[in-house]
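Chemist: Mind folding the following:
(one chain, ligands or ions: 1)
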Amino acid sequence: MDPQVIEKVVQEMSNFSPDMGELQGVTLLQGICDIWDTIYNFQARDGDIVVASYPKSGTTWMQEILDLIVLDGDVERSLRAPCFIKVPFLEMGHTSLEVADSMPSPRILKTHLPVQLVPPSFWEKDVKVVYVARNPKDCMVSYYYFHKMDQTMADPGNWEDFFSNFMSGKVTWGDWFDHVIGWWKAKDHHKILYIFYEDMIEDPRREILKVMKFLGKDFPEDVVQKILQHTSFKSMKNNPVVNFSCLPESVFDQSVTSFMRKGKL
Ligand SMILES: Nc1ncnc2c1ncn2[C@@H]1O[C@H](COP(=O)(O)OS(=O)(=O)O)[C@@H](OP(=O)(O)O)[C@H]1O
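Modeler: Just a heads-up that it's a prediction; the model follows:
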């Protein structure tokens, strides 16, 4: 991967301001609202795989599982680039979208958008979505610490403030309840596999097998074990490709808290 492209994506991330905007009643970063036409007109392709979630639900974990499944368990190749380059984040700026456009298929893309805001081309093409949901209590705690660590997010204030903002959907990417319910309903009409973070914690092998089946893959046990081992919390915490240690403190100040913070219920 061209280091200049990585640099450009990081630069774009650091340019995001904590200002909030709103789209169709959903609270989003103003930076997302500003480039909404570009995001909404993004062209999905047949064969795209999307990991969708409310923030802090286990997205990065699922991204890495998906990448390894697509790579038939080739750990060496999974180390080719940071996760935000391997799996472009749909609403994170022009450069991410350019990276996505230049990628060969099958692509893996990430979004935190509620289902009603997903660009229409995703429903017109043959796209598979893995949605990850996490219980709101852990999601909220994780999101609170993330706001403190991510220097481009608004200061969350004290816990009581953040709690009431979260409960009323006044945090970026909107209301947790609408998000998980919207995607739950959509799974009856589209190719969506709905996975729970808690199930992944309880039995990660079982959930990885579900994802493999959804993607039409079947591996011998040694490959499944490799994927399992490489995507354990301990491995991911120490893996620079997924632990965001390549981001400068001006973006993620991990002296406040690690991105791979707790990884538990
Ligand atoms: N492998 C593995 N096992 C268990 N838990 C894991 C794993 N990888 C990431 N995590 C935890 O997921 C939380 C981050 O969620 P996201 O990746 O969705 O964050 S983001 O919205 O994309 O920023 C964050 O949760 P908290 O620890 O509760 O903050 C991560 O620690």
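Chemist: Show me where the stretch 151-265 of the chain has its helices.
Modeler: Assigned by DSSP state H, counting those that start in this stretch, the helices in the stretch 151-265 of the chain fall at 159-167, 176-186, 197-202, 204-214, 221-230, 233-237.
Chemist: any idea how far the residue most central in space within the chain is from G21?
Modeler: Computing the C-alpha centroid of the chain and ranking residues by Cα atoms, centre = their mean puts T59 first, at 3.9 Å. Going from T59 to G21 by Cβ to Cβ, to the nearest Å gives 22 Å. Every residue, glycine included, has its C-beta placed from N, CA and C.
Chemist: what do you get for R261?
Modeler: Distance, R261 to G21, by Cβ to Cβ: 27 Å.
Chemist: Phi first, then psi, for the closest residue to V180 other than its chain neighbours.
Modeler: Of all residues not flanking V180 in the chain, A133 sits nearest, at 4.8 Å (Cβ to Cβ, 6 or more residues apart in numbering). Per-residue torsions, A133: phi -120, psi 140 (degrees, to the nearest 10).
Chemist: and A133, how many residues sit next to it?
Modeler: 23 (other Cβ atoms under 10 Å).
Chemist: Wait, it touches I181, no?
Modeler: No - counting by Cβ atoms under 8 Å, A133 stays clear of I181, with 9.8 Å between them.
Chemist: re the thing from before, residue contacts, the residue nearest to V180?
Modeler: By Cβ atoms under 8 Å, 6 or more residues apart in numbering, the contact set of A133 is S53, Y54, S57, V180, W183, W184, Y194, I195, F196, Y197.
Chemist: what about the first one, how many neighbours?
Modeler: Going back to what we said before, that points to S53. A count of nearby residues for S53, using other Cβ under 10 Å, gives 28.
Chemist: pLDDT score for it?
Modeler: As predicted, S53 sits at a pLDDT of 98.
Chemist: measure it to the ligand for me?
Modeler: From S53 over to the ligand the distance is 5 Å, taken as Cβ to the nearest ligand atom, to the nearest Å.
Chemist: so I39 sits right up against S121, yeah?
Modeler: No - counting by Cβ under 8 Å, I39 does not reach S121; the two are 11.1 Å apart.
Chemist: now, the most widely separated pair of the contacts of A133?
Modeler: W184 and Y197 (14.6 Å; Cβ to Cβ).
Chemist: quick one, which of those two is more surrounded?
Modeler: A count of neighbours by other Cβ under 10 Å puts Y197 above the other of W184 and Y197, at 24 against 14.
Chemist: Next to the ligand in this structure, residues from the stretch 101-250 of the chain, please.
Modeler: Within the stretch 101-250 of the chain, the positions lying close to the ligand (Cβ under 6 Å from any ligand atom) are D138, S142, Y145, T231, S232, F233, M236.
Chemist: Which of those residues are buried? Put it as a PyMOL command.
Modeler: Buried members of those, defined by 16 or more other Cβ atoms under 10 Å, are picked up in PyMOL with:
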select buried, resi 138+142+145+231+236
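Chemist: Output the residues of the stretch 101-250 of the chain next to the ligand as JSON lines; include the columns pLDDT.
Modeler: Conversion of these to JSON lines gives the following (pLDDT from 0 to 100):
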{"residue": "D138", "pLDDT": "97"}
{"residue": "S142", "pLDDT": "98"}
{"residue": "Y145", "pLDDT": "97"}
{"residue": "T231", "pLDDT": "98"}
{"residue": "S232", "pLDDT": "98"}
{"residue": "F233", "pLDDT": "98"}
{"residue": "M236", "pLDDT": "98"}
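Chemist: Name the nearest of the residues of the stretch 101-250 of the chain next to the ligand relative to I65.
Modeler: Checking those against I65 by Cβ to Cβ gives T231 as the nearest, at 5.2 Å.
Chemist: from what I can see the closest one touches I65, true?
Modeler: Yes - judged on Cβ under 8 Å, T231 makes contact with I65 at a distance of 5.2 Å.
Chemist: where do the contact lists of those two overlap?
Modeler: I208.
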